[in-house]
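Colleague: from the sequence below, what's the structure:
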Amino acid sequence: MNKAASFRKAMASAVPSLNDDPDKLLVFIDQGRIVATAAPSLSFEYRFVLNAILLDFAGDADTIFVALMAWVQRNQSDLLANVDERANGITFEVDHLTQSTFDLSIKLSLTEGVSLWAGKVFSALASEAASRINRKSLTSLIGAVLFAPSARS
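Modeller: Numbering: from 1, shown residues only. Model prediction:
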């Protein structure tokens, strides 16, 4: 799952204090599911809620939300374009700690597709991860799965 790392990187780039103290941004994957069809490929889709918690933040919340919207526009634009997703796809909670600091929890409903064909894995954001996969091992695995005698035979 590459979107969580991409989100973290985008937030750290937009908010200088997160570069100084990256432990102030916690990123979790909640309610994860895999959705696949009975198609002959091994392709599937991750569906999950990305929960980002910004701890003890002393800046302007708009800085976070502008960076968030820019990331969403590039990486999960249906949260902006789809009426149903727009209503519930981005939520947040704020806990005021002092007069000038707060904790911020942001939840994003995300999907990330993984397509598998001809021994190569491709994901919306996974080209660098795909380059690290041992292609020979993956091709052997796919061949074993696709061409193994069926249990129903």
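
Colleague: in the protein, mark out all the strands, start to finish.
Modeller: For the chain, applying DSSP state E gives strands covering 25-35, 44-57, 90-96, 102-117, 120-123.

Colleague: now those as a markdown table including mean pLDDT and distance to Pro16?
Modeller: (Each C-beta comes from the backbone N, C-alpha and C, glycine too.) Shown next, in a markdown table, are those (pLDDT from 0 to 100; distance: least, Cβ to Cβ, whole Å):
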| stretch | mean pLDDT | distance to Pro16 |
| --- | --- | --- |
| strand 25-35 | 94 | 12 |
| strand 44-57 | 95 | 12 |
| strand 90-96 | 96 | 21 |
| strand 102-117 | 90 | 16 |
| strand 120-123 | 48 | 30 |
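
Colleague: will you turn those strands into JSON lines that also has mean neighbour count and distance to Arg8?
Modeller: Shown next, in JSON lines, are the strands of the chain (neighbours: other Cβ atoms under 10 Å; distance: least, Cβ to Cβ, whole Å):
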{"stretch": "strand 25-35", "mean neighbour count": "13", "distance to Arg8": "5"}
{"stretch": "strand 44-57", "mean neighbour count": "18", "distance to Arg8": "8"}
{"stretch": "strand 90-96", "mean neighbour count": "13", "distance to Arg8": "17"}
{"stretch": "strand 102-117", "mean neighbour count": "18", "distance to Arg8": "12"}
{"stretch": "strand 120-123", "mean neighbour count": "16", "distance to Arg8": "17"}
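
Colleague: now render these as a markdown table, adding distance to Ala10.
Modeller: Shown next, in a markdown table, are the strands of the chain (distance: least, Cβ to Cβ, whole Å):
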| stretch | distance to Ala10 |
| --- | --- |
| strand 25-35 | 11 |
| strand 44-57 | 10 |
| strand 90-96 | 14 |
| strand 102-117 | 12 |
| strand 120-123 | 17 |
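
Colleague: please report how far the residue nearest to Gly113 when sequence neighbours are not counted lies from Asp23.
Modeller: Of all residues not flanking Gly113 in the chain, Glu45 sits nearest, at 4.8 Å (Cβ to Cβ, 6 or more residues apart in numbering). To Asp23, Glu45 is 31 Å away according to Cβ to Cβ, to the nearest Å.

Colleague: same question for Ser17.
Modeller: In terms of Cβ to Cβ, Ser17 sits 11 Å off from Asp23.

Colleague: also Ile106?
Modeller: In terms of Cβ to Cβ, Ile106 sits 17 Å off from Asp23.
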